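> can you look at this prediction? I've put the sequence above it.
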Amino acid sequence: MLKRTSNNNPVSFTFEGETIPAQSGDSVASAMLAHGTQALRVSTRRKAQRGPYCMMGACYECLVEIDGKTVQSCMTTATDGLQVSRVNHEDV
Ligand code: FES
């Protein structure tokens, strides 16, 4: 597990109601991985846990829902107060 070495500009958001600490400028995906949360969604057919893979917007394995919109968490900057949840696959 990754450990943070500095805490110069902390922010936090929630994922499924759990508070996730981050640093200003972190992506939502990197903050989740640093927190130890790897499974951000469940695959549609096999119901397998999926999480960030490429960290550059190519694989779409990191989809989450923020403010009612499905977004790539690796391409979304973590900011204070974001409410992040798992994607409802009925909508994707
Ligand atoms: S981790 Fe691949 S698109 Fe986000």
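Nice, I can see it.

> surely Ser73 and Leu63 touch.
Yes - the criterion here is CB atoms under 8 Å, and Ser73 meets it with Leu63 at 7.2 Å. (Each C-beta comes from the backbone N, C-alpha and C, glycine too.)

> who's more crowded, those two?
It is Ser73, of Ser73 and Leu63, that has more neighbours when counted by other CB atoms under 10 Å, with 26 against 19.

> can you pull the contacts of the more buried one?
By CB atoms under 8 Å, 6 or more residues apart in numbering, the contact list for Ser73 reads Ser27, Val28, Ala29, Met32, Leu40, Pro52, Cys62, Leu63, Val64, Val84.

> note down every partner strand of the worst-scoring helix or strand of the chain on mean pLDDT and its orientation.
None of the helices or strands of the chain scores lower by mean pLDDT, DSSP states H and E than strand 41-42, at a mean of 92. Strands adjacent to strand 41-42 in the sheet, as given by DSSP bridges, are strand 49-50 (antiparallel).

> list of residues touching the partner strand?
With contact meaning CB under 8 Å, 6+ apart, strand 49-50 is reached by Gln38, Ala39, Leu40, Arg41, Val42, Ser43, Glu61.

> quick check: closest non-adjacent residue to the second one.
In space, and not counting its chain neighbours, Ala39 is closest to Gln49: 3.7 Å by CB to CB, 6 or more residues apart in numbering.
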